[in-house]
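J.: Build me a model:
(chains A, B and C)
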Amino acid sequence: MTSKSTPLVDIRGLEKKFDLSGNFLEQLSFEGGRLHRKQEAVHAINGVDLQIQKGEALCIVGESGCGKSTIARTVMGLLTPTAGEIYYEGRRIDQLRGKELLPYRRKMQMIFQNPYASLNPRMTIRQTLEEPIRFHHPDWSRMAIDNKIQEVMTSVGIDADWGGRFGHEFSGGQRQRIAIARALAVDPEFIVADEPISALDVSIQAQVLNLLVDAQKTRNLTYLFITHDLAVVEHFGTRVAVMYLGRVCELANTKTLFSTPRHPYTQALLSAIPRLEDDRPSHIRLQGEVPTPVELPSGCVFHSRCPYANDRCRQEIPKLIVTDDGTQVACHAVEEGRL
Amino acid sequence: MTTATLSRWNRFRDSFLWYSFKRDKVAIASFMVLLAMVLAAVFAPWLAPTDPYDLATISIMDSELPPVWITGADPAFPLGTDAQGRDMLSTILYGTRVSLLIGFGAVILQAALGILFGLMAGYMGGRVDAILMRIADVQLSFSTLMVAIIVGAVFKASFGNLMYGEIAVYMLIFIIGVAEWPQIARTVRASVLAEKKKEYVDAAKVMGFGTRRIMFRHILPNTLSPIFVIATVQIANAIISEAALSFLGLGMPETQPSLGSLIKSGFDYIQSGSWWITLVPGLVLVVLVLVINLLGDWLRDVMNPRLYKG
Amino acid sequence: MALLEVKDLDVRFAVRGGDLKALRGISFSLDRGERLGLVGESGAGKSVAAFSILNLIARPGYIAGGEILLEGKNLAAMSERELRKIRGNRIAMIFQDPMMTLNPVLSIGTQMVEALKAHRRISTRAAREIALTKLRKVQLPSPEKRLDQYPHELSGGMRQRVIIAIALLLEPEIIIADEPTTALDVTIQAEIMALLLELCEQDNVALMLISHDLGVVSQVTQRMLVMYSGRIIEQGPTREIINDAQHPYTQGLIKALPQMGEPGARLFQIPGSMPSLNNVPSGCPFHPRCEFATDQCRQAMPGYVRSGNVDVACYEVSNLIEQERLIRIQEQDS
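T.: As a prediction, the model looks like this:
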């Protein structure tokens, strides 16, 4: 998919490894009469390229261990990449620190998964919202700050009079709204939402999702939406990236992905969604167990569970290729026309 | 601002802390006793019938008079007098003052050090954590009493008794405070490690806040609950440590005695029958430590996971 | 006679200031081999309902009234000793978080053998054999190896299979599954639910599935009941309720699902949220959020009316049914 303008966020060749080795002494082990040095790492992200265009809602879906949350945190600077670069509006940001990063901190915000842990239990709502505003706008008057707090609280549907209350006095859905208010309080351009509704009840999910949709329209936001819930993606996203064990399997427009999924994993994933129309579970059954990200399979990360794997799949890592309808797929079978 | 303080007071009145306190008779009684003792100690100069350290007012003729309920007592000295003729009530009031001063002072010092180092070790991790915790481990392997004895003895020898007398209070606060910081540091560090994983810390980082702000403004308030419990018990411990040191002759001097040194100075007179010189300060010490511990127990029960639910 | 019959079950929590009613007189039945779904959001009382069947509600919760009849015998009135013979044996439970159910310091084999020996007099070797059979039944790869492994060595999906195997050890007549797949990935969830369905069909085991996921309930259950604020507001064949929900709350739940929404448009949302236990509205608990609420709804809890094969507790529905009946009578007369 070619883009004529600079993407808002550009992720190139991103890799992230978490070292499990422990200190030097823990790495040594005595096996078979010889000293071995064991170095283990969790290969969370293994070469991801994504561009997020201004105004779109790119969703990353995948199951646990696929690396989607790690990408979110790396883009936001909570983790440093092992390899690769992250660009915002054409400028590289993954190496920036402290003061240099500050202007980007205002433009890029994040919403987290657990509403019960994302608000400081010892701060009132007002304090939670005031601190970021004051931090990024030290010159604003008391009244300007108060107005902003009021505006942002009302826009997420929380009564502005409740500013003196603490987080634990609110329900999960309300806390998530407050977290969204905090993110919106600094007028960001780009929001990374890491499973923002997974911990909420179904009817509350709808409320919060609507809130995010509204916010996007009124504030001209760009979203990177991480989720495991494909139904949400179908409703909310403009484009979808399906991830498996740290690699992107398929990247497509939402409609295209759901109507014609190309990658075998995407097909299995879609078939596994429990639909209301179903009378019985009728999903594509995958063989074997999910490999751990500690010992990545050779070749295509999906080959051990794929019904279409051949020798090439076991040895060669597939690259993302562009198909006729613009979808990008990383699959030898698709490339070879077998699928 | 009055509306803010009023709402704070209302919030306190509605809180579980107050509710639980009202229902726990032991807690109420302990608090009353402690409050009485603290007030008595604070206002000792005004409450004490005599100034026991003004050599002009004491007379050896009044020495070893028994407390009021025993024959041979002088009503001017309700709790009797000691070997030098000092009024026991007055000496106990002043002694409690010194004991409490050392107790609170030492705990404030250890809390300050412990919280600071615990925060740093927990939040910064890595080498800072390793170094601080190893220092803490080393310090924990030394007994406070042993260190205090050595330092006290060295001090006395180098600076002489007079100089020692003047700075004894500060020296004791310093020793006990510095010796006990590891315990608080470890607790704070454990809390920090747990809080660090929570998303509000990530939210603060994402907002661009610096390390110091996150450590002190965001994480610190959430690690303090267990500290209150520990601090209460540590006050009692500090008072006892000081009493033990004084009993060994390495604590407060005769001119500025604490409850411990009062017990010590009266110890020799048990044989001669003047048991009150040692026993009365001893009882006061026991009661003081007891009520502090009881309050600490209540506090621990109140602050249990229930409060962490949110 | 139904295998399990719950009549007017009333469960309360004794807290300072009075009793909170978690279940306000719920009634339902479960036949042998039948698969029943309990649907509702958090706070509705579905987990409380599941736990109270085996009288596992911890203090300050207690059963305040009603009966739980297992083939005629009232479980609510049984002593601990008698209940222990039923738990795990005739009625087994599967919980949401496998790490909470499995003891992390005991091997899988030890835990399974322990469960067996608590109810049967058999040797350890015989118990291990049975355990192995069950592990194979749940399609756990390399079952012999797993017996000696510890829970943390298995993945989430494998652990949940072990839990199901443990539930099946004593060949129970009823399995109560409380959100068994909520914590699992969607592909694993599909596998586990398919497995559960197969096992229940093969061995004619009744299943009580508690879930907030209507899709899962739709795939696996034959009948379902919808709970709101401690009451059952709709009960009947799953297919009928999903295709044509009667109660406004159920309708709202279905409409609010992202899969039912128009892509890009706003999702249907039910305003407000489920009332907390200490703040239950008068009359029908749903009325503050209901677009059809009338004074009648605010005054008294509606009784059940039958619409098709479904029982619904809603005045609006009963009014509509009444109107239809009158229209039909008119048409017959004319």
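J.: So in the chain, where's the weakest helix or strand by average pLDDT?
T.: This is for chain A. In chain A, no helix or strand scores lower on mean pLDDT, DSSP states H and E than helix A:24-27, which sits at a mean of 65.
J.: hm, I was asking about chain C
T.: Going by mean pLDDT, DSSP H and E, chain C bottoms out at helix C:98-101, a mean of 78.
J.: what comes up buried for it?
T.: For helix C:98-101, a neighbour-count test (16 or more other CB atoms under 10 Å in any protein chain shown) marks C:98, C:101 as buried. C-betas here are computed from N, CA, C, even on glycine.
J.: what does it rub up against?
T.: In this structure, residues lying in contact with helix C:98-101 by CB atoms under 8 Å, 6 or more residues apart in numbering or on different chains are C:94-95, C:151, C:156, C:159-160, C:162-163, C:166, C:183.
J.: Restricted to helices, list these.
T.: Those of the contacts of helix C:98-101 mapping onto helices are C:156, C:159-160, C:162-163, C:166, per DSSP state H.
J.: sorry, back to before: what mean pLDDT does whichever helix or strand comes after the least confident helix or strand of chain C get?
T.: Once the chain leaves helix C:98-101, the next helix or strand it forms, by DSSP states H and E, is helix C:108-119. Helix C:108-119 carries an average pLDDT of 91.
J.: For the stretch 151-300 of chain A, which segments are assigned as strands?
T.: A:190-194, A:222-227, A:239-244, A:247-253 (DSSP state E, counting those that start in this stretch).
J.: Next, count neighbours for residue B:92.
T.: Using other CB atoms under 10 Å in any protein chain shown, residue B:92 has 25 other residues around it.
J.: check contacts around residue 159.
T.: Picked chain A for this. Contacts of residue A:159 (CB under 8 Å, 6+ apart): residue A:153.
J.: wrong chain, I was asking about chain B
T.: Applying CB under 8 Å, 6+ apart to residue B:159 gives the contacts residue B:167.
J.: buried ones in the helix or strand harbouring it?
T.: Following DSSP H and E, one finds residue B:159 within helix B:144-179. The neighbour-count check on helix B:144-179 (16+ other CB under 10 Å) flags B:144-145, B:148-149, B:151-152, B:155-156, B:164-165, B:168-169, B:171-179 as buried.
J.: What average pLDDT does the next helix or strand after that helix get?
T.: Sequence order places helix B:181-196 as the next helix or strand after helix B:144-179, per DSSP H and E. On average, the pLDDT along helix B:181-196 is 93.
J.: what do you get for stretch C:135-153?
T.: 89.
J.: how long is that stretch end to end?
T.: Start-to-end span of stretch C:135-153 (CA to CA, to the nearest Å) is 16 Å.
J.: Any chance you could list what contacts it?
T.: Outside stretch C:135-153, the residues touching it (CB under 8 Å, 6+ apart) are A:288-289, C:98-99, C:102-109, C:112, C:128, C:131-132, C:154, C:158-159, C:161-162, C:164-165, C:168, C:195, C:199.
J.: Quick check: beta-bridge partners of residue A:85?
T.: residue A:12 (DSSP bridges).
J.: Let me know how buried it is, in neighbour terms.
T.: Counted with other CB under 10 Å, the neighbours of residue A:85 add up to 14.
J.: Would you confirm that it contacts residue A:91?
T.: No: Residue A:85 is beyond contact range of residue A:91, at 10.5 Å (criterion: CB atoms under 8 Å).
J.: quick one, phi psi at the closest residue to residue A:235 other than its chain neighbours?
T.: Leaving out its chain neighbours, the residue that sits closest to residue A:235 by CB to CB, 6 or more residues apart in numbering or on different chains is residue C:258, at 4.1 Å. Taking degrees, to the nearest 10, you get phi -60, psi -30 for the backbone angles of residue C:258.
J.: Tell me, how many residues neighbour residue C:258?
T.: For residue C:258, using other CB under 10 Å, the count is 20.
J.: cool, and the one 3 residues further on?
T.: Here the count is done by other CB under 10 Å, and residue C:261 has 22 residues near it.
J.: same thing with residue A:64?
T.: By other CB under 10 Å, the residues close to residue A:64 number 16.
J.: Let's see if you can find the most crowded of the ones in helices among the contacts of helix C:98-101.
T.: Result: residue C:160 is most packed of the ones in helices among the contacts of helix C:98-101 (other CB under 10 Å), 29 neighbours.
J.: residue ranges for the helices of chain A, please.
T.: A:24-27, A:68-75, A:98-107, A:125-136, A:142-155, A:172-184, A:202-219, A:230-236, A:254-259, A:264-272, A:311-315, A:332-335.
J.: average model confidence for the fourth one?
T.: Spelled out, it's helix A:125-136. 94.
J.: quick one: it near chain B?
T.: Yes: on the criterion CB under 8 Å from any CB of the partner chain, helix A:125-136 is in touch with chain B at A:131-132, A:135-136.
J.: Neighbour count and distance to chain C for those residues - can I get that in a markdown table?
T.: Output for those, formatted as a markdown table (neighbours: other CB atoms under 10 Å in any protein chain shown; distance: CB to the nearest CB, whole Å):
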| residue | neighbour count | distance to chain C |
| --- | --- | --- |
| A:131 | 20 | 28 |
| A:132 | 22 | 27 |
| A:135 | 18 | 32 |
| A:136 | 17 | 31 |
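J.: from those, which single one is nearest residue B:183?
T.: residue A:131 (32.1 Å; CB to CB).
J.: What's the separation between the closest one and residue A:119?
T.: 12 Å (CB to CB, to the nearest Å).
J.: likewise residue C:265?
T.: For residue C:265, the distance to residue A:119 - CB to CB - is 30 Å.
J.: same thing with residue C:76?
T.: Counting by CB to CB, the gap between residue C:76 and residue A:119 amounts to 41 Å.
J.: The two: which has the busier surroundings?
T.: Applying other CB under 10 Å to residue C:76 and residue A:119 shows that residue A:119 carries more neighbours, namely 27 against 20.
J.: so how far is chain C from the residue nearest to that one when sequence neighbours are not counted?
T.: Nearest residue to residue A:119 in three dimensions, chain neighbours excluded: residue A:167, at 3.8 Å (CB to CB, 6+ apart). Remark: distance between residue A:167 and chain C (CB to the nearest CB, to the nearest Å) = 16 Å.
J.: how many neighbours does residue A:167 have?
T.: With other CB under 10 Å as criterion, residue A:167 counts 23.
J.: Next: residue C:139.
T.: Around residue C:139 there are 14 residues (other CB under 10 Å).
J.: now the one 10 residues further on
T.: Other residues lying near residue C:149 total 15 when counted by other CB under 10 Å.
J.: what does chain B have sitting close to chain A?
T.: Going by CB under 8 Å from any CB, the residues of chain B near chain A are B:7, B:198-200, B:202-210, B:217-218, B:221-222, B:309-310.
J.: hmm, which of those residues are the buried ones?
T.: B:198-200, B:202-209, B:217-218, B:222.
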